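Trainee: Could you work out the structure for the sequence below:
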Amino acid sequence: MRAIFACWQHDAPAAFEGRWYRFTRQNAYNKPPRIEHPEIPIHLGAIGPRMTALAGELACGIMAHPTNSSRRFLSEVTLANLARGAARTGRARRDVEVVANPLCATGRTAEAARRQREEQRHLLATLLSTPSYWPSLELFGWRERGERLRGLAREGRWDEMSAVLDDEMLDAFVPSAPFEALADVLREEYAGVADAIALALPVDSADDAALGRVIEGLRRT
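Mentor: Sure, this is the predicted structure:
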């Protein structure tokens, strides 16, 4: 990608020969024009140790998955694997941006946040039925829950899956608070373990301004 960017922005030759990919030709008719801000950061999505280490080795940042965005997973697993990869290229952990990507439950009122928390329970149950997302369950000692969810998914019993996730699991994976308190909750959850937080846009665009205030509150941290 960097070779492509250099070709487009600086007219560098199209002459990249890698192990898996080649970039050796760029036609003039579909070459994009130069842009004002060409230093585009590359973030990798990662959960497992090898992909996380690769992010530490080569990427500008790592984008966590909602199933591995808990404070405990980031602090005990992600950061160590990032540091291992960063050491391969003489970098430090601080050279790689960590972006948490939690499933937040929020709203204008505590009741609205509670309702969204229940919606997130269902989504999280669906996600955690996939074995690739079980590293967090294994860290917390909840692998058996993933196996139960996997079984229910295979049987098509989707409506029964939410009940497998108790409130303790939601507390670990789903930061919950009304908009006015969400910045404080996220700050406490991620201080020292994440450099940025990805937040989903509200379902109702009327709440966009409230989310904007959450973002401003985090920026003042």
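
Trainee: what's the domain layout of this structure?
Mentor: Per automatic domain parsing, the structural domains of the chain span 1-40, 45-221.

Trainee: Highest mean neighbour count out of those?
Mentor: Highest mean neighbour count among the domains of the chain (mean count of other Cβ atoms under 10 Å): domain 45-221, with a mean of 17. Where you see a C-beta, it was placed from the backbone N, CA and C, and this is true even at glycine.

Trainee: Make JSON lines from the domains of the chain and add mean pLDDT to it.
Mentor: Listed next are the domains of the chain as JSON lines, based on pLDDT from 0 to 100:
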{"stretch": "domain 1-40", "mean pLDDT": "94"}
{"stretch": "domain 45-221", "mean pLDDT": "96"}
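
Trainee: OK, contacts around the most centrally placed residue in the chain?
Mentor: Computing the C-alpha centroid of the chain and ranking residues by Cα atoms, centre = their mean puts Ala64 first, at 2.7 Å. Taking Cβ atoms under 8 Å, 6 or more residues apart in numbering, we find Ala64 in contact with Gly45, Ala46, Ile47, Leu74, Thr78, Val98, Val99, Ala100, Asn101, Ala194.

Trainee: Show me which of those residues is closest to Gly85.
Mentor: For these, the residue nearest Gly85 by Cβ to Cβ is Ala46; the value is 9.6 Å.

Trainee: Hmm, the closest one is touching Gly56, no?
Mentor: No - applying Cβ atoms under 8 Å as the test, Ala46 and Gly56 come out as separate, 9.2 Å apart.

Trainee: so what sits against both of these two?
Mentor: Common contacts of Ala46 and Gly56, defined by Cβ under 8 Å, 6+ apart, comprise Ile62.

Trainee: how about Lys202, what does it touch?
Mentor: Let me fix one detail, which is that residue 202 is Pro and not Lys. With contact set as Cβ under 8 Å, 6+ apart, Pro202 has these partners: Asp208, Ala210, Leu211.

Trainee: Backbone torsions only: list them for the first one.
Mentor: The main-chain torsion angles of Asp208 are listed as degrees, to the nearest 10 and equal phi -60, psi -40.

Trainee: Would you mind measuring from it to Leu103?
Mentor: 19 Å (Cβ to Cβ, to the nearest Å).

Trainee: coming back round to it: with distance to Pro32 as extra columns, can I get the contacts of Pro202 in JSON lines?
Mentor: Converted to JSON lines, those look like this (distance: Cβ to Cβ, whole Å):
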{"residue": "Asp208", "distance to Pro32": "31"}
{"residue": "Ala210", "distance to Pro32": "37"}
{"residue": "Leu211", "distance to Pro32": "32"}
